[in-house]
Every structure is written in structure tokens, then in C-alpha cells.
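Visitor: For reference, the sequence and a predicted model appear below.
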Amino acid sequence: MADGNRPTEEAQVRVELAAAFRLAVHEGWHESVANHFSAAVSDDGTQFLINPRWKHFGTIKASELLLLDANDDSVMAGPDAPDPSAWAIHGQIHMASPRARVLIHLHPPYATAIASLADPTILPIDQNTARYFGEVAYDLEFGGIADDGEEGHRLAEVLQDKSVLMMGNHGVTTVGQTVAEAFESMYYLEKACQNLVLAYSTGQPLSVLDDDMAAKVAKGWKQFGGLGDAHFEQRVAQLDQTDPDYRD
């Protein structure tokens, strides 16, 4: 984006990202004061917004989001330093992948349960799970809490061009061009994993779609590209009625 347009566009992204935090609480995805969402505000992705350290999602306001530069390590020595894992994961992915405009990293129960299996593959057993066919990167090399640049760089290399990163023994990250897109991907990912957990819990054999059908269903989802925007817009409108100070 051009520098002249940045203030207005950044302000809008701030509001959208703050809304996503509040909506995550409504979905039950929050976990104490942990986890992070980020959104790039420069063309190369290195300048990005992220939540301040250890602040509950239900209280985050647009004006409180930190504006960081992935190339400036000195931020970690300042009084407003972000959480080390936020800097390690989000800074490295934004720096390595300009296409990853928005990152939502969470530990939602069903997706994290699937990510904790020896085989965390999201098997295409229905429309929701098939949505992610060919869209998921799997990291099975958990190295502890991701709090250094090397680990963040490794995760960026695993993600590549995928829209979802299943982080073994850890959690999940979704990627989008917009806040709405990343939020919708997380929304359906958790629904898909819930379906998969429930199917596994029956102890019965799964009816897994073959690759051709799974690919067809995944392609079919593409025609509903505006669905996520409409969902996010309507959820934000609800927030404006019940929890409007996220815009501050």
C-alpha cells in the first residue's frame, strides 16, 4: 500500500483485528491472556499489528494494538515488548511470507485435540473437513514454546503457501489476505475438527472421501468466497450493539 494511504487503511485494520479478538471470546477460543493475532500493514509484510503482551482478548481495543517492524529486534528490549512467542512466530512468518497478511494463532479445543494426535491429518469426512483438503501444512517437530527467531523461521518454512498450519502438540494458525478471511478459516477449521473428533469418538470406521471427491468439495468452497466477509461483517455489527469499545 502507498504510504499516503496507510494511516486510513491501518486504522481500518486495527478495528477489524480488535473485533476478531472480541469474537474469539464469543467462540470460546481464548485461553487466559495467551495467543496472538497479527495483520500486516506494509506491502512487504514486515510492519504488522499485534496484540499487546498478556491482555485478555475480551478487553483489547484497536488503539492498543502494537505496530511492530519484523526487522527491528530492539522492540524486545523496550517497555512495550510483545510476548516473545508472538514476536518469534508472527514476526518471522510476516517477514518470510508477504502473502500472509493476517495470522490468527490459537489453541481452540477441537483443532488442538486433532493437532495432538500422532496423525493430525484433517481427513475429509464431510464438507467442512474437505474444505481444507490440500490447504494444510503439518508441523510434527514440536520444539517447546516458540520463543526464538529460529523456531519462528522453521514454522514459516513449514507453512509455505498453505492457509492453515497444524502445529503438532501445540495449536493452530490460519492465514488470510484479510482479517475476515483468516477468522473464517479458523471458524470452519474448529468446526471441521469438532466433526472429526466426534466421528473418532464413535469408534466406528470413518467414511473418508477419496482424493478426487475431496478436491472437488474443496474447489466448491471457492465459489463461496464472499461468505467469510458476510459472516464477519454481521458478527461485527452484533459487536457494535453489545461490545462497541473494541473500536476505541
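Guide: Received it, and whenever you're ready, just let me know what you need.
Visitor: Next, the contact list for the residue of the chain positioned farthest from its centre, please.
Guide: In the chain, the greatest distance from the average C-alpha position (C-alpha atoms, centre = their mean) is reached by Gln204, at 31.6 Å. By C-beta atoms under 8 Å, 6 or more residues apart in numbering, the contact set of Gln204 is empty. The C-beta positions use only the backbone N, C-alpha and C, and glycine is treated the same way.
Visitor: can you tell me the helix or strand for it?
Guide: In the assignment (DSSP states H and E), Gln204 maps to no helix and no strand.
Visitor: Low-confidence ranges, this structure, go.
Guide: Residue ranges of the chain with pLDDT under 70: 1-8, 146.
Visitor: can you pull the contacts of the spatially most central residue of it?
Guide: Geometric centre of the chain, nearest residue: Ile104, 2.0 Å, by C-alpha atoms, centre = their mean. Taking C-beta under 8 Å, 6+ apart, we find Ile104 in contact with 20, 24, 37, 173-174, 176, 182-183, 185-186.
Visitor: Now do stretch 61-80: distance to the chain's middle.
Guide: The chain centroid and the centroid of stretch 61-80 are separated by 19 Å under C-alpha atoms, centre = their mean, to the nearest Å.
Visitor: quick one: contacts of stretch 210-218?
Guide: With C-beta under 8 Å, 6+ apart, stretch 210-218 has contacts from 124, 127, 130-135, 209.
Visitor: Identify those among those that sit within helices.
Guide: Among the contacts of stretch 210-218, the residues falling in helices (DSSP state H) are 127, 130.
Visitor: give the contact list for Asn128.
Guide: Counting by C-beta under 8 Å, 6+ apart, Asn128 makes contact with 188, 191-192, 195.
Visitor: what's the neighbour count on the nearest residue to it once chain neighbours are set aside?
Guide: Leaving aside its chain neighbours, Asn128 sits nearest to Ala192 (4.0 Å; criterion: C-beta to C-beta, 6 or more residues apart in numbering). Other residues near Ala192 come to 25 when the count uses other C-beta atoms under 10 Å.
Visitor: what's the helix or strand that contains Glu181 packed up against?
Guide: Mapping Glu181 onto the secondary structure by DSSP H and E places it in helix 179-201. On a contact count with 3 or more C-beta pairs under 8 Å, 6 or more residues apart in numbering; DSSP states H and E, helix 179-201 meets helix 6-27, strand 36-40, strand 102-106, helix 109-115, helix 127-130, strand 171-176, helix 227-242.
Visitor: So for His94, which of the ones you listed sits nearest?
Guide: strand 36-40 (5.5 Å; C-beta to C-beta).
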